[in-house]
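Undergrad: What shape does this take:
(one chain, ligands or ions: 1)
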Amino acid sequence: MHESTAPPTALTIAGSDSGGSAGMHADLRTFFACGVHGMTAVTAVTVQNTVGVTGLVEIPPETVAAQIDAVASDIGVGAAKTGVLASAATIDAALDSCDRHGIGRGGRTPFVVDPVAASRSGEPLLRPDALDALRRRAFPRATLATPNLDEVRLLTGIDARTRGDLLDAAKAIHDFGPEWVLIKSGHLLDDPECVDLLFNGTESIELPGPRYATEHTHGAGDVFASAITAALAKGASVPDAVRGGKRFVTRSVADAYPLGSGVGPVSTFWRVSPRSY
Ligand code: PXL
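TA: Prediction:
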């Protein structure tokens, strides 16, 4: 009998998008494209298409924790990330489980906290009480926090509008306790480039990249954080994982495609089946 070797594994603690563009759907596609076995702890089910989110049902916090317990105790988690965490109760339950299994700072497993707060079309995906729980529970355990500029504003009150503001944003998020912070500058629409900033309290690394004129960027932040998580699951250092993730998401934005009558997704096809559809 032929026995093959298992690939590295990664877990996303995130919500689903019925339209297939963002959330755990984007995360799983990215894990697959990066050669990593993806697993999920689903936190919320959204009713969603390319136009917007019309419903959100939260999964009970104990079920979120049970999903993490189930995969961590049997399969093992090479690296983990978060997406939509829905509520303070879900964050507490998920972080309790992560603590039990050594996921996050102080444990064996790298942990990327992507503090998703709203949908691409602006609908809230987090209860207001969850912001404090992110600051109190999730960031102190994060190997890497990956906020965009809207999330920086919600979490810190800092309204970053230029490249020069990114370090202040990174310092303010770093004060909540993550080892590294990646400020994603995709929302700086006046900037001709898309330069993200990685910071660990002493070292700051600028990550230059092109900015593409596409409106189809749904799921870009999820794909970026997932590509980083996949690289961490393979044993990369945080700066190398972030550089690789930036290359992955940049190419995904370059190949973004229209879908429905609203905002289409960034593409993960290019890595696995270029031009075959
Ligand atoms: O892209 C952020 C995101 C994450 N997770 C879910 C979403 C969205 C954006 O719409 O719906 C479930």
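
Undergrad: Who is the nearest residue to Val238 once chain neighbours are set aside paired with across the strands?
TA: Once flanking residues are discounted, Val238 sits nearest to Trp180: 4.9 Å by Cβ to Cβ, 6 or more residues apart in numbering. Bear in mind the C-beta positions are built from the backbone N, C-alpha and C, glycine included. Here Trp180 sits in beta bridges with Leu144, going by DSSP bridges.

Undergrad: which residues are contacting stretch 266-277?
TA: With contact meaning Cβ atoms under 8 Å, 6 or more residues apart in numbering, stretch 266-277 is reached by 26, 29-30, 32-34, 216-220, 223, 248-249, 251-253, 255-257.

Undergrad: in it, what counts as buried?
TA: By 16 or more other Cβ atoms under 10 Å, the buried positions in stretch 266-277 come out as 266-268, 271.

Undergrad: Mind telling me what element Ala80 is part of?
TA: Using DSSP states H and E, Ala80 sits in strand 79-82.

Undergrad: Report the mean per-residue pLDDT for that strand.
TA: Strand 79-82 shows an average pLDDT of 98 in the prediction.

Undergrad: helix or strand right after that strand?
TA: Going down the chain from strand 79-82, the next helix or strand is helix 88-100, by DSSP H and E.

Undergrad: burial measure for the spatially closest residue to His174 that is not a sequence neighbour, as a count.
TA: Leaving out its chain neighbours, the residue that sits closest to His174 by Cβ to Cβ, 6+ apart is Val181, at 4.9 Å. Around Val181 there are 28 other residues, counting by other Cβ atoms under 10 Å.

Undergrad: Equivalent analysis for the one 10 residues further on, please.
TA: The criterion is other Cβ under 10 Å. On that basis, Asp191 has 14 neighbouring residues.

Undergrad: Am I right that it is in contact with Arg163?
TA: Yes. Under the contact definition of Cβ atoms under 8 Å, Asp191 touches Arg163, with a separation of 6.2 Å.

Undergrad: which neighbours do these two share?
TA: Listed as contacting both Asp191 and Arg163 by Cβ under 8 Å, 6+ apart are Ser185.

Undergrad: Up against the ligand, what does the stretch 51-200 of the chain have?
TA: Within reach of the ligand by Cβ under 6 Å from any ligand atom, the stretch 51-200 of the chain has these residues: 53, 83-84, 116, 119-120, 125.

Undergrad: My guess is the residue nearest to His174 contacts Ala145. True?
TA: Yes. Between Val181 and Ala145 there is a contact at 5.1 Å, judged by Cβ under 8 Å.

Undergrad: ok, and what's touching the helix or strand where Thr54 lies?
TA: In this structure, Thr54 sits in strand 53-58 according to DSSP H and E. Outside strand 53-58, the residues within contact range by Cβ under 8 Å, 6+ apart are 15, 43-48, 86-87, 90, 119, 121, 123, 125.

Undergrad: follow-up on the earlier one: how distant is the strand holding Ala80 from the center of its chain?
TA: Taking the mean of its C-alpha atoms, strand 79-82 sits 8 Å from the chain's own mean (Cα atoms, centre = their mean, to the nearest Å).

Undergrad: Please apply the same query to stretch 254-266.
TA: Using Cα atoms, centre = their mean, the offset of stretch 254-266 from its chain centre is 19 Å.

Undergrad: can you pull the buried residues of that stretch?
TA: Applying 16+ other Cβ under 10 Å to stretch 254-266 flags 255-256, 259, 262-266 as buried.

Undergrad: what's the spacing between Asp165 and the ligand?
TA: Here Asp165 is placed at a distance of 22 Å from the ligand (Cβ to the nearest ligand atom, to the nearest Å).

Undergrad: What's the local residue count around that residue?
TA: Counted with other Cβ under 10 Å, the neighbours of Asp165 add up to 18.

Undergrad: For it, give me the pLDDT.
TA: Taking Asp165 on its own, its pLDDT is 94.

Undergrad: From what I see, it and Ile158 are in contact.
TA: Yes. At 7.2 Å, Asp165 counts as touching Ile158 under the criterion of Cβ under 8 Å.

Undergrad: How about the lengthiest helix in the chain and the ligand, touching?
TA: Using DSSP state H to define each element, the chain has its longest helix at helix 238-254. No. Helix 238-254 does not reach the ligand (Cβ under 6 Å from any ligand atom); its nearest approach is 12.0 Å.
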